[in-house]
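Colleague: here's my sequence, what's the structure:
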Amino acid sequence: MVGIAADNRTRQYMDLYTEQSKKAEQETENGQNEIKLQEWEFYVTKELIENPAPSIPRISPRRFGYGFYLGTGASFPVGSIADYWAPAWQINVGFDLAYANTHLLCDFSAGTARTRQEITVSNGQIKDTWLRNGHNTYTSISLGIGQQLISTKYFALMPYVGCIWSGYSDQAKNSRREKRKNDIVLHEF
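Modeller: From the prediction side, this is the model:
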């Protein structure tokens with residue numbers, strides 16, 4: 001028996017104990033009724049003899065583990081890049097594979113970022129201008145490995161190292177296509 005099953009079994013026994021204690025208090029008038037008190041003593045002794053304590057379950061941690069998460073967050077540019085980009089709100093998806101206390105962490109994030117000023121981008125012969133206040137996409141993929149140092153039911157400490165690839169991309173623009181799309185919209189009305 002591990003984890004949640006052990007917690008549930010403990011909770012079940014504690015609830016049963018609380019229920020029986022309250023019932024005994026009421027029936028014995030808080031221990032003042034000697035006859036009822038002797039009846040309860042007989043009942044408890046009989047139950048303990050008929051139902052011996054269960055063996056203590058062996059709880060052992062598993063060597064393999066996994067986890068999955070989905071969330072939201074933000075990326076805040078710092079340094080000179082902050083002059084060009086506003087924070088990017090994003091959605092995160094990731095998973096964690098573990099063996100003993102070592103974890104492999106993989107994460108993918110995607111979101112939108114606003115340009116704070118016009119940016120000219122060139123790649124060889126191709127040049128493009130990303131307009132100020134344009135909504136661009138921000139994506140990142142990360143891979144890391146960590147060693148768990150502390151782990152409790154509600155808290156864990158795990159330093160890790162890894163790498164991340166991140167990039168901004170402008171939304172595709174095709175002036176001829178946009179014009180044609182507007183013409184179609186006008187014809188539909």
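Colleague: distance check, residue 85 against residue 78.
Modeller: According to Cβ to Cβ, to the nearest Å, residue 85 and residue 78 sit 10 Å apart. All C-beta atoms are positioned from the backbone trio N, CA, C, and that covers glycine.
Colleague: neighbour-wise, which of these two wins?
Modeller: residue 85 (19 against 6; other Cβ atoms under 10 Å).
Colleague: got the contact list for the closest residue to that one other than its chain neighbours?
Modeller: Spatial nearest neighbour of residue 85, excluding adjacent residues (Cβ to Cβ, 6 or more residues apart in numbering): residue 77 at 4.7 Å. Contact analysis of residue 77 by Cβ atoms under 8 Å, 6 or more residues apart in numbering lists 84-88.
Colleague: I'd like the distance between residue 77 and residue 107.
Modeller: For residue 77, the distance to residue 107 - Cβ to Cβ - is 18 Å.
Colleague: just list the residues touching the residue nearest the centre of the chain, thanks.
Modeller: Against the mean C-alpha coordinate of the chain, by Cα atoms, centre = their mean, the closest residue is residue 69 at 4.5 Å. The contact partners of residue 69, by Cβ under 8 Å, 6+ apart, come to 92-96.
Colleague: can we see that at 6 Å?
Modeller: Residues near residue 69 by Cβ atoms under 6 Å, 6 or more residues apart in numbering: residue 94.
Colleague: mean confidence for the top helix by length along the chain?
Modeller: Longest helix in the chain, counting residues (DSSP state H): helix 3-27. The average pLDDT within helix 3-27 is 87.
Colleague: next, the buried residues of it.
Modeller: Across helix 3-27, burial judged by 16 or more other Cβ atoms under 10 Å covers residue 24.
Colleague: and stretch 142-162, by the same measure?
Modeller: Of the residues in stretch 142-162, those buried (16+ other Cβ under 10 Å) are 142, 144, 146, 148, 158.
Colleague: one more: stretch 43-59?
Modeller: Applying 16+ other Cβ under 10 Å to stretch 43-59 flags no residue as buried.
Colleague: and it, how far from the chain's centre?
Modeller: Stretch 43-59 sits 39 Å away from the centroid of its parent chain (Cα atoms, centre = their mean, to the nearest Å).
Colleague: identify the residues contacting stretch 130-137?
Modeller: Contacts of stretch 130-137 (Cβ under 6 Å, 6+ apart): 112-115, 117-119, 168-170.
Colleague: hmm, 8 Å instead?
Modeller: With Cβ under 8 Å, 6+ apart as the criterion, stretch 130-137 contacts 110-121, 168-171.
Colleague: please apply the same query to stretch 87-101.
Modeller: With contact meaning Cβ under 8 Å, 6+ apart, stretch 87-101 is reached by 63-77, 103-113, 138, 140, 147-149, 151.
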